[in-house]
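[1] Model the following, please.
(one chain, ligands or ions: 2)
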Amino acid sequence: MADLFNRPIAVLGAGSFGTALAILLARNGNQTILWGRDSAQVKQISLNGENQRYLPGVKLPEKLQVTADFNQAVANAFDILVVTPSYAFSETLQQIRQIKQKQDDLRIIWACKGLEPETSEFLDTRVIEILGENCPKAVLSGPTFAKELAVGSPTAITLGADDGNFASDLSQRLVNDTFRVYLSSDLKGVQFGGAFKNIVAIGAGIADGLGFGANARTALITRGLAEMMRMGEKLGGRKETFTGMAGLGDLILTCTDDQSRNRRFGLAIGKGATIEKAANEIGQVVEGVRNTKEVKHLAEMHGVDMPICQAIYGILYLDQDPKQVARQLLTRTLKVEGD
Ligand SMILES: NC(=O)C1=CN([C@@H]2O[C@H](COP(=O)(O)OP(=O)(O)OC[C@H]3O[C@@H](n4cnc5c(N)ncnc54)[C@H](OP(=O)(O)O)[C@@H]3O)[C@@H](O)[C@H]2O)C=CC1
Ligand SMILES: O=C(CO)COP(=O)(O)O
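    Ligands and ions are numbered 1, 2, ... in the order given. Here you go, the predicted structure:
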């Protein structure tokens, strides 16, 4: 165990969640290095012992190293945790590959919630394409607001992994008496849950922004879960994943709590803001905007009915009126529950 904790883990992406996970890992005794792309910001983080832009009010453990030097972060890392927005995942893997060309002991974990833009590929597919079949892969997903995690509020998450040793090592690195992981081998389900819940959170925000009540929000969560399962199982995901932390757990969290940026983005749209204004006001990544396009593409490819995704797509990409879209959703042909 001491050996594992002395083997460096690099966290790539010094936004809210990368910083929170790096804090957790360093507090747990892992030799941790956090990389951010903006050298001025990294300098500030080092000087203040705090990421004031993305995680104000939380002090970094002294042992947590912070750098803007990608090579320094990656070259000696035994495990690499990528926490950039999903759209930057592939370019980050390409950069890793340039540095780790000759090493076959590379292990990759990511906490990004999304798919590859344009192609809608799963991120584990991108790992295989860029780093090869043999690279052990893991993904973290579930109801985890960065700030609550960073201050040590009780939190549970799903850790999906395709390699038993890697899953075991990561569990040891991550867990403590306030942070718990549930293990899964269902990488596809864990990833799909994380991407799709962002879309429903935008929908719940729009509904609340329009002044609808708890009934509408709850209907969206419930039918959002049905839609997640319909598409997710088609993609190879398992039912228990979608009723677990990375599915229902994250749906409830982000559809009901205003810490969610996807929900807040939806709230602003529901109140009449333009997409640009809503996104600018958040000032952090709102993955659901891209996820809506990515998942709509998947639905079309696989011929799966996804009315909530379609509705959000209409609002975000076709300039449809949110109230009209809600009416269309409600007046669709009646269905049998479970279909
Ligand atoms: N925040 C949360 O509570 C949670 C977030 N997640 C997921 O984690 C991922 C990261 O989100 P989060 O940390 O919240 O996002 P933030 O918006 O808080 O931070 C994004 C970070 O990524 C950096 N970044 C942006 N583009 C690139 C790039 N091309 N290459 C390298 N770094 C880049 C930004 O740098 P810069 O400042 O220079 O723009 C910033 O440091 C998302 O997929 C999100 O869904 C998952 C669970 C919880
Ligand atoms: O995924 C999250 C919590 O689990 C964070 O949600 P937002 O990206 O909507 O803020």
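
[2] most centrally placed residue in this structure?
    residue 113 (2.5 Å; Cα atoms, centre = their mean).

[3] element containing that one, please.
    Under the criterion DSSP states H and E, no helix or strand holds residue 113.

[4] Quick check: the gap between it and ligand 1.
    Residue 113 sits 4 Å away from ligand 1, going by Cβ to the nearest ligand atom, to the nearest Å. Every residue, glycine included, has its C-beta placed from N, CA and C.

[5] State the distance from that residue to residue 294.
    Separation of residue 113 from residue 294 (Cβ to Cβ, to the nearest Å): 11 Å.

[6] Quick check: neighbours shared by the two?
    Counting by Cβ atoms under 8 Å, 6 or more residues apart in numbering, the shared contacts of residue 113 and residue 294 are residue 195.

[7] How many residues are close by the nearest residue to the residue nearest to the centre of the chain once chain neighbours are set aside?
    Of all residues not flanking residue 113 in the chain, residue 194 sits nearest, at 3.6 Å (Cβ to Cβ, 6 or more residues apart in numbering). Applying other Cβ atoms under 10 Å, we find 27 residues neighbouring residue 194.

[8] ok now the helix or strand hosting residue 194, how far from the chain's centre?
    Using DSSP H and E, residue 194 sits within helix 187-209. Relative to the mean C-alpha coordinate of its chain, helix 187-209 is positioned 10 Å out (Cα atoms, centre = their mean, to the nearest Å).

[9] again with stretch 66-73
    Per Cα atoms, centre = their mean, the displacement of stretch 66-73 from the mean C-alpha position of its chain is 23 Å.

[10] Quick check: closest non-adjacent residue to residue 169.
    Per Cβ to Cβ, 6+ apart, closest to residue 169 is residue 4, 5.6 Å.

[11] show me what contacts that neighbour?
    Applying Cβ under 8 Å, 6+ apart, we find residue 4 in contact with 169, 172-173.

[12] Any residue of the helix holding residue 194 touching ligand 2?
    Yes - for helix 187-209, a contact with ligand 2 is found by Cβ under 6 Å from any ligand atom, at residue 201.

[13] Check stretch 299-314 too.
    No - Stretch 299-314 stays clear of ligand 2 (Cβ under 6 Å from any ligand atom), getting no nearer than 13.6 Å.

[14] quick revisit: check which element follows the helix holding residue 194 along the chain.
    helix 214-234.

[15] Flag every residue of the stretch 51-200 of the chain that's near ligand 2.
    Selection of the stretch 51-200 of the chain residues close to ligand 2 by Cβ under 6 Å from any ligand atom yields 113, 143-145.

[16] Tell me the most packed of these, by neighbour count.
    Among those, residue 113 has the most neighbours (other Cβ under 10 Å), with 29 neighbours.

[17] Wait, it touches residue 201, no?
    No - using Cβ atoms under 8 Å, residue 113 is not in contact with residue 201; the gap is 10.5 Å.

[18] For the helix or strand encompassing residue 124, list every residue counted as buried.
    Using DSSP H and E, the element containing residue 124 is helix 123-131. Residues of helix 123-131 classed as buried by neighbour count (16 or more other Cβ atoms under 10 Å): 123-124, 126-127, 130-131.

[19] closest point of the protein to ligand 1, which residue?
    residue 15 (1.8 Å; Cβ to the nearest ligand atom).

[20] And for the residue lying closest to that residue once chain neighbours are set aside, the neighbour number?
    Among residues not flanking residue 15 along the chain, residue 54 sits closest, at 4.9 Å (Cβ to Cβ, 6+ apart). A count of nearby residues for residue 54, using other Cβ under 10 Å, gives 22.

[21] Residue ranges in the stretch 51-200 of the chain under the pLDDT threshold?
    For the stretch 51-200 of the chain, applying pLDDT under 70 flags the ranges 103.

[22] thinking again about what came up before, the residue nearest to the centre of the chain: what's it in contact with?
    86, 141, 194-195, 197-198, 287, 291.

[23] Confirm residue 159 sits in a helix?
    No - counting by DSSP: H, G, I helix; E, B strand; the rest coil, residue 159 falls outside a helix, being strand.

[24] Okay, and the beta partners of it?
    Assessed by DSSP bridges, residue 159 has beta-bridge partners residue 140, residue 183.

[25] neighbour-wise, which of the contacts of residue 113 leads?
    Neighbour counts for the contacts of residue 113 (other Cβ under 10 Å) peak at residue 197, which has 35 neighbours.

[26] Close to ligand 1: what parts of this protein are there?
    Counting by Cβ under 6 Å from any ligand atom, the chain sits next to ligand 1 at 13-18, 36-38, 54, 83-86, 88, 91-92, 111-114, 144-146, 284-285, 287.

[27] Check the contact between residue 135 and residue 109; I expect there is one.
    No - Residue 135 lies out of contact with residue 109 (Cβ under 8 Å); the separation is 10.8 Å.

[28] So which of those two has more stuff around it?
    Remark: of residue 135 and residue 109, residue 109 carries more neighbours, 26 against 23, as counted by other Cβ under 10 Å.
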